[in-house]
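J.: Sequence first, predicted model second:
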Amino acid sequence: MTEMIKADNVHKSFGSLEVLKGIDLVVRSGEVCCVLGPSGSGKSTFLRCVNHLEKINAGKIFVDGDLVGYHERGGKLHEMKDSEVSRQRQQIGMVFQRFNLFPHMTVLQNVMEAPCRVKKEDKAAVRDRAVGLLDRVGLGAKKDNYPGQLSGGQQQRVAIARALAMRPKLMLFDEPTSALDPELVGEVLDVMKDLARDGMTMVVVTHEIGFAREVGDTVVFMDGGVVVEQGPPAEIIANPKQDRTKAFLSKVL
Amino acid sequence: MTDLKTPERARPEPIKAVPVRHPGRWVLIAVLAVLAAMFAHVLVTNHQFDWKFIFVSYAPGKRGVMFTGPVLDGLRGTILLTITSMLIGIVLGVFIAIMRLSDNPVLKAVAFVYTWFFRAVPRLVLAVLFGNLNILWNRIGFGLPFDHQIGKLFGINDLNAQFYSVKASDLLAGFVAGMLALGLSEGAYMAEIVRAGIQSVDPGQAEAATALGLSRALVLRRVVLPQAMRVIVPPTGNEVIAMVKDTSLVAYVPVTFELYFQLNAVAARTFVVFPVLVAAVLWYLILCTVLMIGQYFLERHFGKGYGATGRARQKLRDIEAEQSGRIVVEGGGPT
């Protein structure tokens, strides 16, 4: 299997605060990688580095073989132009903790916006695809509603459909269920499981250990800006080797 | 899923409580009614309100002062000046706000200096200044900058490398000078309003749009600005209404194509002052009323998807559907 994400000694600081202290990580095509760890461990920051929402200070990140955010010419890195970064981002879907749907557009407009405006695809075709995606996440009937009229779980499912409308080859989920009422978590996880079954490559930052165990191909445990432990869920969650992992899991399980 | 049904019980008598009394309100209404009656009495009986002078005819063979030809022309001028200077102000304001918030330090500095200058100088002073700018230049045009100096450098006297130029006194006088003075000044105020609007939008919105691959321009145009409008429109309504009244400053440019100047001219000719002032008040009231109606519809448009009204209406529809048994609640359902 090809490597969808390859992170090589990634460092990231905000001012004097070093958030990522050398992350090495490989996510293969078709794999679901769940990232666990306490808050402040750098999991979300790492995710945001993968689509260049944050610039890294050292190291390299490759997505599908391409260096993210830079061109490498003659052993030197050149910053990409905004338009080139945008083109890279189109391949990477992202789902946020707080949904971030566009409140002034209907659900359908939210899903159609990027394919129509960015890829300039035919509107009728995009519309069909958008309706199909909304049906898939179980919200076909809500297509003409505004996000403010939906529950949190419904909004997050729309956000997933919106990301999928760009036909990404990689999906990043940044704590997709952390802002939801406990009752509504299941419906979002179901959509994500469905995606995983379809072979989508996914990186999921989550606190849902059950989801990681059931759906994850690999589990990565991060703390203090480094990867403490990684491997198949059966190993990491059932038999953690590191004391830090054990301590974390004993609290959340 | 458990399906525990609470047994439905017979509905008790609806509550019929004695409402709280508000005697203060009745006192207030009585006081206001007396004041209103006194005001109406003055309007009708005091001869200083010469209604015939205002509405019907202010001199033999003339219409009332509100509707006489020059005053209507002045009204047209005021409206035109308001629209053009606000357009200049809004367009400039958007660009300057974007410049101020950009990463480019040069653009930032330019925007700051612009706002600093045009907010510092009073509009009245600007109006007079722009009326006198043609003292600085004879002609204004497009072409090679410093053409005279460059010509001298190569020994050519009076090199003229202007492609197109007009006499400054033609361009920078009267209406155009007044419009520029008001519009450029408005741009500085609008820039601050637009900046506040842009900054009020949740940064997560721009982030989500960026992650979808939208360019910076698209993020701004499609996602950030439409949401900023909700914050921008109410103070802009203020600005438009203030502008209607500030147009009277262009009398100092001087521009005579303006409402208050024309009304004043009638007062000066007829030596009748008070009814003319009443006519001015009435016209400004009418203009502001029209503008406020426009603002209401704009706010409603940009409030789409927000606030209680839309959600309440949706909820009502859902409840209706539920009770007539038509609803199919998908997973989750409305909460």
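T.: Arrived safely, thanks for sending.

J.: Find the residue at the geometric middle of chain B.
T.: Per Cα atoms, centre = their mean, the C-alpha nearest to the average position across chain B is that of B:V240, at 2.6 Å.

J.: What helices and strands are in contact with the helix or strand hosting that one?
T.: Remark: B:V240 resides in helix B:225-246, with elements defined by DSSP states H and E. Other elements packing on helix B:225-246 under the criterion 3 or more Cβ pairs under 8 Å, 6 or more residues apart in numbering or on different chains; DSSP states H and E are helix B:69-101, helix B:174-200, helix B:274-302. For the C-beta atoms, the positions are set from N, CA and C on the backbone; glycine is no exception.

J.: looking at it, the residue nearest to the centre of chain B is touching B:L87, isn't it?
T.: No: using Cβ atoms under 8 Å, B:V240 is not in contact with B:L87, being 10.6 Å away.

J.: so the residue in the stretch 51-200 of chain B that chain A sits nearest to, which of the three states?
T.: Across the stretch 51-200 of chain B, the shortest distance to chain A (Cβ to the nearest Cβ) belongs to B:D103, at 10.7 Å. Secondary structure for B:D103, judged by DSSP: H, G, I helix; E, B strand; the rest coil, is coil.

J.: Sketch out the low-pLDDT regions of chain B for me.
T.: For chain B, the stretches with pLDDT under 70 are B:1-6, B:307-335.

J.: Try it again at 80.
T.: Applying pLDDT under 80 to chain B picks out residues B:1-8, B:137-144, B:148, B:157-173, B:304-335.

J.: Just give the nearest non-adjacent residue to the residue in the stretch 101-250 of chain A that chain B sits nearest to, would you?
T.: Residue of the stretch 101-250 of chain A nearest chain B, by Cβ to the nearest Cβ: A:Y146 (3.6 Å). Closest residue to A:Y146 apart from its sequence neighbours, by Cβ to Cβ, 6 or more residues apart in numbering or on different chains: B:G305 at 3.6 Å.

J.: can you tell me which residues contact that neighbour?
T.: By Cβ atoms under 8 Å, 6 or more residues apart in numbering or on different chains, the residues touching B:G305 are A:103-106, A:146-148.

J.: Nearest to B:A168 among those?
T.: Comparing the contacts of B:G305 against B:A168 with Cβ to Cβ places A:H104 closest, at 45.7 Å.

J.: I'd say the closest one and B:P226 touch.
T.: Yes: with contact defined as Cβ under 8 Å, A:H104 reaches B:P226; the gap is 5.0 Å.

J.: Need the residues touching each of those two.
T.: Shared contacts of A:H104 and B:P226 (Cβ under 8 Å, 6+ apart): B:F302.

J.: Of the two, give the one with the bigger neighbour count.
T.: A:H104 (23 against 19; other Cβ atoms under 10 Å in any protein chain shown).

J.: what's the distance between the more buried one and A:Y146?
T.: For A:H104, the distance to A:Y146 (Cβ to Cβ, to the nearest Å) stands at 8 Å.

J.: which residues touch A:M112?
T.: The contact partners of A:M112, taken as Cβ under 8 Å, 6+ apart, are A:123, A:126-127, A:130, A:165.

J.: what do A:H104 and A:Y146 both touch?
T.: Residues touching both A:H104 and A:Y146 (Cβ under 8 Å, 6+ apart) are B:304-305.

J.: residue ranges of the strands in the stretch 1-150 of chain B, please?
T.: Using DSSP state E, counting those that start in this stretch, the strands of the stretch 1-150 of chain B run over B:139-143.

J.: Tell me the residues of it that contact chain A?
T.: On the criterion Cβ under 8 Å from any Cβ of the partner chain, chain A has no neighbours in the stretch 1-150 of chain B.

J.: Quickly list what the closest residue to A:V226 other than its chain neighbours is bridged to.
T.: Once flanking residues are discounted, A:V226 sits nearest to A:K21: 5.3 Å by Cβ to Cβ, 6+ apart. In this entry, A:K21 is beta-bridged to A:H11, by DSSP bridges.

J.: Kindly provide the distance from A:K21 to A:S29.
T.: With Cβ to Cβ as the criterion, A:K21 and A:S29 are 27 Å apart.

J.: ok, now which ones touch A:A179?
T.: By Cβ under 8 Å, 6+ apart, the contact set of A:A179 is A:97-99, A:152.

J.: whoops, B:E239 was the one
T.: Taking Cβ under 8 Å, 6+ apart, we find B:E239 in contact with B:86, B:89, B:186, B:189-190, B:193.

J.: Closest to A:P182 out of these?
T.: So of these, ranked by how close each gets to A:P182 (Cβ to Cβ), first place is B:I193, at 42.1 Å.

J.: Just give me how far stretch A:115-133 sits from the chain centre.
T.: Chain-centre distance of stretch A:115-133: 22 Å, with Cα atoms, centre = their mean, to the nearest Å.

J.: so how far is the first residue of it from its last?
T.: The straight-line separation of the ends of stretch A:115-133 (Cα to Cα, to the nearest Å) is 13 Å.

J.: in it, what counts as buried?
T.: A:115-118, A:121, A:126-127, A:129-131, A:133 (16 or more other Cβ atoms under 10 Å in any protein chain shown).

J.: So which of the residues you listed belong to helices?
T.: Counting by DSSP state H, the buried residues of stretch A:115-133 place A:115-117, A:126-127, A:129-131, A:133 in helices.

J.: Among those, which pair sits farthest apart?
T.: Farthest pair in those (Cβ to Cβ) is A:R117 and A:V131. Separation: 18.1 Å.

J.: show me the contacts for A:L253.
T.: Neighbouring residues of A:L253 by Cβ under 8 Å, 6+ apart: A:I209.

J.: B:I83 versus that one, what's the distance?
T.: A:L253 is 67 Å from B:I83, where distance means Cβ to Cβ.

J.: swap in A:Q154?
T.: Noted for A:Q154: a distance of 44 Å to B:I83, by Cβ to Cβ.

J.: can you check A:H104 too?
T.: Relative to B:I83, A:H104 is positioned 26 Å away (Cβ to Cβ).

J.: What of A:D122?
T.: For A:D122, the distance to B:I83 - Cβ to Cβ - is 39 Å.

J.: how deep is B:P203 tucked in, by neighbour count?
T.: B:P203 has 10 nearby residues by other Cβ under 10 Å.

J.: sorry, that was for B:F117
T.: By the measure other Cβ under 10 Å, the count of residues near B:F117 is 13.

J.: Distance of the nearest residue to it once chain neighbours are set aside relative to B:R300?
T.: In this structure, B:F117 finds its nearest non-sequential neighbour in B:A188, 7.6 Å apart by Cβ to Cβ, 6+ apart. For B:A188, the distance to B:R300 equals 29 Å [Cβ to Cβ].

J.: out of those two, which sits in the more crowded spot?
T.: B:A188 (21 against 11).

J.: Does the more buried one touch B:V113 like I think?
T.: No: counting by Cβ under 8 Å, B:A188 does not reach B:V113; the two are 10.4 Å apart.

J.: Secondary structure element holding B:A206?
T.: Using DSSP H and E, B:A206 sits within helix B:203-211.

J.: now that helix: how far from the chain's centre is it?
T.: On Cα atoms, centre = their mean, the centre of helix B:203-211 falls 29 Å from the chain's centre.

J.: Help me see whether that helix makes contact with chain A, please.
T.: Yes: using Cβ under 8 Å from any Cβ, we find that helix B:203-211 touches chain A at B:204-205, B:207-211.

J.: If we only consider these, which is nearest to B:V273?
T.: Each of the residues of helix B:203-211 next to chain A was scored against B:V273 by Cβ to Cβ, and B:Q205 proved nearest at 55.2 Å.

J.: could I get the contacts of A:A179 as a markdown table with secondary structure?
T.: Formatted as a markdown table, the contacts of A:A179 follow (three-state DSSP):
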| residue | secondary structure |
| --- | --- |
| A:Q97 | coil |
| A:R98 | coil |
| A:F99 | coil |
| A:G152 | helix |
